[in-house]
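Enquirer: have a look at this prediction, sequence included:
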Amino acid sequence: MGLGWFGAPEHNRWLAEETHALLRYARAAAVPAGFGWIGEDGTVDTTRPVELWITGRMTFAFSLGTLMGIPGCRRYADHGVRALNRVMRDHVNGGWHSAVEHEPDADGHGVPADPAGRKECYQHAFVVLAAATATAANRPGAQELLRDALAVQDRRWWDDTYGMPVESYAADFTDPEDYRGINAAMHTVEAYLAATDVTGDITWLTRAVQILDHAVNVQARAHDWRLPEHYDTSWRPRLDYNKDQPAHPFRPYGVTPGHGLEWARLTVQARSALVHRSLPTPDWMLDAAERLFDRSRSDAWRCDGGPGFVYTTGFDGVPVVHERMHWVVCEGISAAAAIRRALLDDGHGEIEVEHYEHCYRSWVDYAEQYLIEAPGVWTHELDQNNRPSTRTWEGHPDIYHALQAMLMSRVPVWPCLGQALAEGRLDDPASPVPARAQPRWRGIISWG
């Protein structure tokens with residue numbers, strides 16, 4: 001095991017340098033209404049509106065930078081919190097607009113880019129993630145933002161009947177969509193885990209585990225660990241959904257191996273949160289995470305004659321969309337690091353986790369060779385031959401996946417990134433014993 005990268009000083013130095021570079025590059029996204037879409041030339045694409053998911057992700061990223069003590073990040077984190085608190089909030093109907101124009105109106109409120117646009121669970125999840133991480137970073141207005149975002153989650157997005165989130169509504173929260181998606185559910189899990197860490201309220205952890213149980217323990221298990229993406233309102237799989245749009249950026253047909261990797265990471269993170277709170281921990285979680293990871297790896301990595309992960313496969317594991325998305329290898333890096341750490345925390349030895357070490361090294365090498373154009377600049381999509389492509393994505397919309405990939409091996413499985421950094425756990429990745437698991441803000445905020 002002398003070739004191990006985890007914890008090696010020079011490897012951590014490389015990760016840190018790329019972390020700083022990503023955060024420097026992301027500053028270009030700041031616009032009056034929040035954070036815009038960075039185009040191919042490194043400047044904001046003014047033909048695109050300011051989208052809620054990008055503003056939430058960038059606020060999350062700069063809050064992490066603040067927690068690491070990287071100079072300059074505070075003002076961008078604060079800009080994001082202000083945008084979410086005032087500009088992107090729907091002051092008439094509640095919740096948040098999905099997209100607004102670059103310039104606010106005279107009252108400082110956002111001008112909806114599409115007055116008929118819908119409100120989306122996926123986008124609102126990133127408001128919670130941003131608010132929770134900014135709260136961990138003690139940014140002005142973050143606690144109020146988190147309180148309001150969780151209230152909207154409770155009122156609008158959580159469906160107690162199925163223990164799963166609703167997908168979307170019209171702008172006034174009428175007309176719920178006749179569709180449910182695993183992507184929105186997945187990011188809701190991530191948001192709820194972060195919210196649990198900073199509030200101490202296990203309601204959000206309980207709900208995250210309910211979602212994980214349905215997605216991973218029921219649906220992925222029932223489909224040989226190839227997780228269906230699309231469902232009806234009763235959460236029955238719709239396996240042919242978007243067969244005519246196989247490369248859809250948010251709802252692609254078939255199986256998305258990158259989501260399998262992401263669900264695997266979230267599963268071990270939620271499991272660790274349960275263990276360290278001395279709460280009942282389902283015995284399926286660690287094994288299921290490993291199975292998801294290996295199915296995604298075996299189906300999608302180097303499966304069509306060249307390095308890289310294909311974007312989607314069918315339920316037989318045969319590739320459908322061969323493009324390589326940057327976020328998929330980022331999630332592979334993060335999942336390999338998280339599962340390896342979870343196994344070590346459970347008492348497994350270095351030899352038993354060598355598989356994850358190997359995957360981690362291979363995928364970081366791939367990112368360095370094919371994806372990183374320059375420090376902090378990641379190509380978001382490559383074709384089957386690993387040449388830049390724009391079939392699905394143009395430009396460099398955000399740094400969310402890449403930043404997490406640079407940090408995941410340097411922190412514990414639990415708590416989540418924001419709280420781990422707040423507790424000074426960077427480069428101290430062994431998960432804390434339960435006695436140390438005290439939320440940063442517990443007893444300071446009344447959550448009502």
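Expert: Yep, that arrived.

Enquirer: quick check: buried residues in stretch 377-397?
Expert: For stretch 377-397, the buried set under the neighbour-count rule, 16 or more other Cβ atoms under 10 Å, comprises 377-382, 384, 386, 389, 392-393, 395-397. Heads up, the C-betas are built off the backbone N, CA and C, glycines and all.

Enquirer: now do the buried residues in the helix or strand Asp287 falls within.
Expert: Applying DSSP states H and E as the criterion places Asp287 in helix 285-300. When burial is assessed from 16+ other Cβ under 10 Å, helix 285-300 yields the following buried residues: 285-286, 288-297, 299-300.

Enquirer: from the middle of its chain, how far away would that helix be?
Expert: Between the mean C-alpha point of helix 285-300 and the mean C-alpha point of its chain there is a distance of 18 Å (Cα atoms, centre = their mean, to the nearest Å).

Enquirer: identify all contacting residues around it.
Expert: For helix 285-300, contacts defined as Cβ atoms under 8 Å, 6 or more residues apart in numbering pick out 212, 216-217, 220-221, 224-227, 255, 257-258, 260-261, 263-265, 267-268, 270-271, 309-310, 313, 317, 319, 328, 332, 335-336, 339, 342-343, 346, 359.

Enquirer: which regions of the stretch 251-400 of the chain sit below the pLDDT cut-off?
Expert: For the stretch 251-400 of the chain, applying pLDDT under 70 flags no range at all.

Enquirer: ok so, going back, redo the buried residues of helix 285-300 as CSV? Include distance to Thr19.
Expert: Converted to CSV, the buried residues of helix 285-300 look like this (distance: Cβ to Cβ, whole Å):
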residue, distance to Thr19
Met285, 29
Leu286, 28
Ala288, 30
Ala289, 25
Glu290, 28
Arg291, 31
Leu292, 27
Phe293, 24
Asp294, 28
Arg295, 30
Ser296, 25
Arg297, 25
Asp299, 30
Ala300, 26
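
Enquirer: find the residue at the geometric middle of this structure.
Expert: His187 (5.8 Å; Cα atoms, centre = their mean).

Enquirer: correct me if wrong: that residue contacts Val127.
Expert: No: the criterion here is Cβ atoms under 8 Å, and His187 misses it with Val127 at 10.7 Å.

Enquirer: thinking again about what came up before, ok, so of the buried residues of stretch 377-397, who is nearest Asp90?
Expert: Looking at the buried residues of stretch 377-397 and their distance to Asp90, the nearest is Pro397, at 22.4 Å (Cβ to Cβ).

Enquirer: contacts only, for Val328.
Expert: With contacts taken as Cβ under 8 Å, 6+ apart, Val328 has the following neighbours: 257-258, 261, 300, 309, 311.

Enquirer: for it, which three-state class applies?
Expert: Reducing the assignment at Val328 to three states with DSSP: H, G, I helix; E, B strand; the rest coil gives helix.

Enquirer: returning to that earlier point: among the buried residues of stretch 377-397, which lie within strands?
Expert: Taking DSSP state E, the ones among these that sit in strands are 377-378, 381-382.

Enquirer: possible to save the residues you listed as a markdown table with distance to Asn93?
Expert: Putting these into a markdown table (distance: Cβ to Cβ, whole Å) gives the following:
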| residue | distance to Asn93 |
| --- | --- |
| Val377 | 38 |
| Trp378 | 36 |
| Glu381 | 35 |
| Leu382 | 40 |
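
Enquirer: next, Met406: secondary structure please.
Expert: Under three-state DSSP, Met406 falls in the helix class.

Enquirer: coming back round to it: what's the burial count for the closest residue in space to the residue nearest to the centre of the chain that isn't next to it in sequence?
Expert: Beyond its immediate neighbours in the sequence, the residue positioned closest to His187 (Cβ to Cβ, 6 or more residues apart in numbering) is Ala125, lying 4.0 Å away. By the criterion of other Cβ atoms under 10 Å, Ala125 has 28 neighbours.

Enquirer: contacts only, for Ala125.
Expert: Ala125 sits in contact with 56, 184, 187-188, 190-191, where contact means Cβ under 8 Å, 6+ apart.
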